[in-house]
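> need a structure here:
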Amino acid sequence: MVDIKMAFLPYIPVSELLLTVRSIDLMKTKTGLNRLEHHTDRYYGDDLIIRRGNTFMMWLDLSRPYCPNTDRLHLELKTGSLPTVAKGTHVIIPLVEELEDDRWEAKIVKRDGNRIKLSVNSQPTAMIGRYQLTVATHSPKGKATSTHDPGNDIRMLFNPWCEDDTVYMDDEDEKNEYVLNDVGRLYYGTENQIGARTWNYGQFDEGILDSCLYVLEKSVTPPSGWGDPVNVVRVISAMINSPDDCGVVEGNWSGKYVGGTSPTAWSGSVDILKKYHKDGGIPVRYGQCWVFSGVTTTVLRCLGIPSRSVSNFNSAHDTDVSLTTDVYFNENLESIDHLNTDSIWNFHVWNDCWMARPDLPPGHGGWQAVDSTPQETSQGTFRCGPASITAIRNGQVFLKHDSPFIFAEVNSDKIYWQRNLDGTFTQIHSEKNAVGHCISTKAVGSDERNDITHLYKHPEGTEEERIAVETASRYGSKPDTYSSPIAEDISIEVTMDGEGPRMGGDAELNIVMRNASSLPRTINLHSQVAVMYYTGVLKATVKKDEMPVELLTLEWILEYQNYQDQLVDQAALMLTLSGRVTETQQVLATQFSFRLRTPDLIIKTVGEAVVGKRMAAEIFFINPLPRTLKGVVFHVEGLGLQSVRQIAVG
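Below you'll find the predicted structure:
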C-alpha cells in the first residue's frame with residue numbers, strides 16, 4: 001500500500017492579490033496612431049511625442065486582471081528638478097468613467113486579460129517638456145508604484161491643431177508651412193537687390209527635439225512657466241544668442257572668424273543645435289542675424305509654435321528709445337560721431353511667431369515679432385519680443401514686449417539735428433520713408449517671396465501711418481519730436497444699443513464724439529472692422545472706411561454682406577477707429593469689440609413628464625440668415641437622462 005498525502009493551498013480571490021504594473025506600452029512608434037494623430041510622426045526616433053490638449057493611447061500590463069470594484073489606479077507625470085502639483089509640473093491623472101475636455105484624465109477603453117488600454121486626455125495649457133511617467137496602483141493588499149523607465153519618458157509639445165491651445169492656427173496650409181515645413185528661404189541684400197538663400201530648419205532630424213529641450217533646460221527658467229508660449233518665446237529669444245546666458249550662437253560682425261565658422265557658411269540649424277547640445281552648452285561660433293533667425297525658427301517649430309523668418313530692408317537700430325533714427329551735426333553741419341549711435345542696416349532678419357495674447361487687449365493676438373539677434377537688452381537680458389505686430393502697426397508701443405524697438409526698426413523717421421550755440425539741438429530735416437521696406441518672408445506652399453510690409457505698417461505717407469508714428473513717439477525718450485496738438489478737447493466713444501446686433505442682420509453701433517471747447521471741430525475718421533476669434537486673434541478685415549465728419553453722434557453700420565462669409569466661432573468682431581482733428585491736430589484712437597448675437601434655442605416639452613417613462617420635446621430655432629441653412633445638426637444631451645445624441649436636420 002502507498003500512502004498518498006495531498007496538501008491543498010487555500011483559495012485566494014484574484015482581487016485580493018497585490019496589483020502591480022509589469023510593463024507599459026506607450027504605442028510610440030512613428031507609424032503608430034499616437035504619433036500620427038498628434039502630427040509628430042516626422043520626428044526622428046520612436047519616443048512618445050505628443051501635443052497638449054489631445055488624447056493618446058497606452059497599454060498597461062498588470063500582474064492580474066483589474067477589478068474596478070476594489071482596485072484604484074492613476075498615472076503620474078513629473079517634469080523639472082522639483083515637480084510640484086500646484087505648479088503643474090507634477091501631474092496626477094485619475095481614472096474616470098468619461099473623459100472631459102480641458103483636464104488631465106484617463107479612461108479604460110479596452111480589457112484583455114491582465115492588460116488594459118487607456119485613453120489619456122491632456123490639458124491644452126499643460127507645460128511642455130520631458131515628463132517622467134509612473135503608474136500608481138492601490139488594491140486591498142496595498143499600494144505599489146511602477147519603476148521609472150527613461151524609455152517611457154513623454155515629450156509634450158504645443159498644439160497648433162487644438163482650438164484651446166493659445167498657439168492654435170486654423171488654416172491647414174499655414175500649419176503645414178509654419179509648423180511642419182523643415183526647409184525655408186531667408187532674404188538678404190538691399191531692397192533693390194533682394195537675394196534669397198535656402199535654410200534647412202531640420203526640426204524633425206535626429207537629436208533636434210532633445211537639443212531644443214536642452215536649450216530650455218539650459219535657460220534655468222522654471223518649467224512651471226513652460227505652459228505659456230509668450231514666456232517660452234521670450235526664453236528662446238534670450239537663449240539663441242550667447243551673451244548673458246551662454247546661449248546657442250555667438251555673434252560676430254568683425255569679418256574675422258578664426259576659431260569658428262563664418263556666418264555665411266551655415267546653411268541650416270541642425271549642425272548648430274546638435275553641436276551646442278553635444279558640447280554641453282558652449283556657444284557655437286559664429287552667427288549673424290539670419291543665423292539667429294534660422295535657429296529660432298527651428299526651435300519654435302520643433303516645440304510646436306508656428307514661426308517664420310522675416311527680413312526687413314533698411315532696418316533701423318534705435319539705441320536710445322527715441323523711436324526715431326537720429327543724425328546729429330554741430331554748428332558747422334559736421335557729423336558728431338559720438339552721438340550718432342543709431343544706424344540703418346541694409347537688411348535685418350528676425351522672426352514672427354503665432355499665438356493668442358490673453359495678456360494684451362483683444363485684437364492683438366496672431367503674429368508676434370521676436371528677435372534673437374543681440375542688439376539691445378530687454379529687462380537686463382539680450383532678447384526682444386514677442387511684440388504684437390498689430391500693436392506695432394498702430395504705434396501702440398506701450399504694449400509689451402519690446403514694441404518700441406521693433407516699431408523703430410520698421411517705421412521710425414530719420415531725423416537730422418543741428419547743435420545750437422547754447423548746446424541744445426534743433427530739428428533741421430526729416431525723412432519719413434527711410435526705414436522699413438520690403439518686409440519679406442517665404443510664401444505659404446511655395447518658394448516665392450511674400451511681402452508683408454502691410455502687416456507691420458500702414459502705407460507710407462497715409463494719415464493712418466503718420467498717426468501711428470506720432471502716437472509711438474509720445475512714449476519714447478523724445479516725446480516732443482513732433483508738434484503737440486494745440487488742444488486736446490475731443491473725446492470719442494463707441495456705444496451699442498440694447499443687447500447688440502444680431503447674426504444675419506446689419507450691425508449698428510454709435511460713434512459718439514464730444515467737443516469740450518466752444519469752437520467747431522472736424523475730424524478725418526478712419527474705421528476698420530475685423531473678424532476676431534474669441535482668443536483675440538484677428539482673422540480678416542471685412543470693412544474699411546475713411547470719412548471727414550463734424551462732431552456729432554455717428555451711426556456706424558456693418559452690412560450683413562460684408563461679414564457673411566468671414567465669421568468664426570463666437571461671431572466676434574473688432575472695430576478700430578483713428579482720426580485727427582483738423583483744427584487742433586489732436587489724434588484720436590479707440591477700439592471696440594462686439595459679437596453678433598445668435599438666436600436662442602427654445603425647448604418645449606410635449607405632454608407630461610413622468611419618471612420612468614419616455615417623453616417628447618420640441619426644439620424651435622429661427623434661422624437668422626437670409627439664406628437656407630444646410631447640414632444642420634443638433635447636439636442633444638440630457639443630464640442623467642441620456643448621453644449626447646446628434647440629430648441631423650439637413
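
> for the rest of this, base every contact and every neighbour count on C-alpha atoms.
Noted.

> tell me where the model's unsure across the stretch 101-250 of the chain.
Counting by pLDDT under 70, the stretch 101-250 of the chain shows no low-confidence range.

> please read the previous query as pertaining to the chain.
1-16, 569-570, 638-644, 650.

> show me the domain layout of it.
14-157, 172-475, 490-595, 602-649 (the TED database).

> quick one: contacts of stretch 71-78?
15, 19, 89-95, 131-140 (CA atoms under 8 Å, 6 or more residues apart in numbering).

> how many other residues sit next to the residue nearest to Leu18 when sequence neighbours are not counted?
Distances taken as CA to CA, 6 or more residues apart in numbering place Lys141 nearest to Leu18, at 5.0 Å, with adjacent residues excluded. If you count neighbours by other CA atoms under 10 Å, Lys141 ends up with 12.

> measure Lys141 to Arg72 for me?
Relative to Arg72, Lys141 is positioned 12 Å away (CA to CA, to the nearest Å).

> same check, this time on Lys539
46 Å.

> swap in Leu558?
57 Å.

> likewise for Met57?
19 Å.

> repeat for Lys117
15 Å.

> just Thr541 next, same as before
53 Å.

> tell me the SS of the closest residue to Pro548 other than its chain neighbours?
In this structure, Pro548 finds its nearest non-sequential neighbour in Asn524, 4.2 Å apart by CA to CA, 6+ apart. Secondary structure for Asn524, judged by DSSP: H, G, I helix; E, B strand; the rest coil, is strand.

> who touches Asn524 in this structure?
Going by CA under 8 Å, 6+ apart, the list of residues near Asn524 reads 546-549, 579-582.

> ok, 7 Å please
547-549, 579-581 (CA atoms under 7 Å, 6 or more residues apart in numbering).

> for the lengthiest helix in the chain, which helices and strands make contact with it?
Secondary structure assigned by DSSP state H gives helix 289-303 as the longest helix of the chain. Secondary-structure packing of helix 289-303 (3 or more CA pairs under 7 Å, 6 or more residues apart in numbering; DSSP states H and E): strand 307-317, strand 343-355.

> pull the shortest one out as CSV, backbone CA atoms only.
Output for strand 307-317, consisting of C-alpha atoms alone and laid out as CSV, is shown next (Å, rounded to 0.1, in the frame of the first residue of the first chain):
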residue,chain,number,x,y,z
SER,A,307,7.0,80.5,-36.7
ARG,A,308,8.7,82.1,-39.8
SER,A,309,11.8,84.1,-40.5
VAL,A,310,11.2,87.7,-41.6
SER,A,311,13.6,90.1,-43.4
ASN,A,312,13.3,93.9,-43.1
PHE,A,313,15.2,96.0,-45.6
ASN,A,314,16.6,99.4,-44.5
SER,A,315,16.2,98.3,-40.9
ALA,A,316,16.7,100.9,-38.2
HIS,A,317,18.6,100.2,-34.9
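
> partners of it in the sheet?
Applying DSSP bridges, strand 307-317 is found paired with strand 343-355 (antiparallel), strand 437-442 (antiparallel).

> which one of those strands lies closest to Thr598?
strand 343-355 (27.0 Å; CA to CA).

> what angle do the closest one and helix 289-303 make?
Using axes from the mean of the first three to the mean of the last three CA atoms, to 10 degrees, one finds that strand 343-355 and helix 289-303 are set 10 degrees apart in direction.

> how distant is strand 343-355 from the center of its chain?
18 Å (CA atoms, centre = their mean, to the nearest Å).

> in it, what's buried?
343-344, 347-355 (16 or more other CA atoms under 10 Å).

> coming back round to it: using CSV, write out every CA atom in the longest helix of the chain.
The C-alpha trace of helix 289-303 is given here as CSV (Å, rounded to 0.1, in the frame of the first residue of the first chain):
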residue,chain,number,x,y,z
CYS,A,289,21.1,87.9,-37.9
TRP,A,290,20.0,85.3,-40.4
VAL,A,291,21.7,82.6,-38.4
PHE,A,292,20.0,83.7,-35.2
SER,A,293,16.6,83.8,-37.0
GLY,A,294,17.1,80.4,-38.8
VAL,A,295,17.9,78.7,-35.5
THR,A,296,15.0,80.4,-33.7
THR,A,297,12.6,79.2,-36.4
THR,A,298,13.8,75.6,-35.9
VAL,A,299,13.4,75.7,-32.2
LEU,A,300,10.0,77.3,-32.2
ARG,A,301,8.6,74.9,-34.9
CYS,A,302,10.1,72.0,-33.1
LEU,A,303,8.4,72.9,-29.9
